[in-house]
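Participant: Curious how this folds, go ahead:
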Amino acid sequence: MDIDEETRQLLMTRPAFGGNIMATIICPDHRPQMSTVRPGVMLKLDRDTSRTGDVVVFDAGLTPSDLNVEVLEIVKEDKKKANIEDANVLISGGRGVGSKENMSHLYDLA
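Facilitator: Reported below is the predicted structural model:
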């Protein structure tokens, strides 16, 4: 991820075509520009206490009807599940396992 100094475009580079090339994606006509990255992709910078900023509180004056969104359900995340990003070994299976019975072998292995 980078920002073009001249155009102020967000440049998002990612693997494409099975990882054979790197594609840079831009969004020239719409704002805001936004991107996401997986945890651990960016290096954490050292704290710089010389940098300061002001918190600006902005009330957009929006009401729930302005948002054009209806919340259907709020689902709490089950914190007891393991995070696969922290795993040393990951066991998975799909249709190639052949049957529900064969899938049980993967559970035993796990």
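Participant: So which residues of the chain form helices?
Facilitator: 100-109 (DSSP state H).
Participant: Least confident secondary structure element in it?
Facilitator: Least confident helix or strand of the chain, by mean pLDDT, DSSP states H and E, is helix 100-109 with a mean of 85.
Participant: which strand in this structure runs the most residues?
Facilitator: When the chain is parsed with DSSP state E, its longest strand is strand 10-16.
Participant: Show me the contact partners of it.
Facilitator: With contact meaning Cβ atoms under 8 Å, 6 or more residues apart in numbering, strand 10-16 is reached by 1-4, 21-27, 33-35. From N, CA and C alone the C-beta is placed, and that goes for glycine too.
Participant: how many other residues sit next to the spatially closest residue to residue 23 that is not a sequence neighbour?
Facilitator: Distance criterion Cβ to Cβ, 6 or more residues apart in numbering; nearest residue to residue 23, sequence neighbours excluded, is residue 16 at 4.0 Å. Neighbourhood size, residue 16 [other Cβ atoms under 10 Å]: 12.
Participant: again, but for residue 9
Facilitator: 15.
Participant: Over to residue 10?
Facilitator: Per other Cβ under 10 Å, the neighbour tally for residue 10 reads 17.
Participant: Same check on residue 85?
Facilitator: Neighbours of residue 85 (other Cβ under 10 Å): 9.
Participant: could you show me where the strands are in the chain, in order?
Facilitator: Here the chain has its strands, by DSSP E, at 2-3, 10-16, 21-25.
Participant: closest to residue 78 out of those strands?
Facilitator: Nearest to residue 78 among the strands of the chain is strand 10-16; the distance by Cβ to Cβ comes to 29.9 Å.
Participant: just the angle between that closest one and strand 21-25, please?
Facilitator: Counting by axes from the mean of the first three to the mean of the last three Cα atoms, to 10 degrees, strand 10-16 lies at 150 degrees to strand 21-25.
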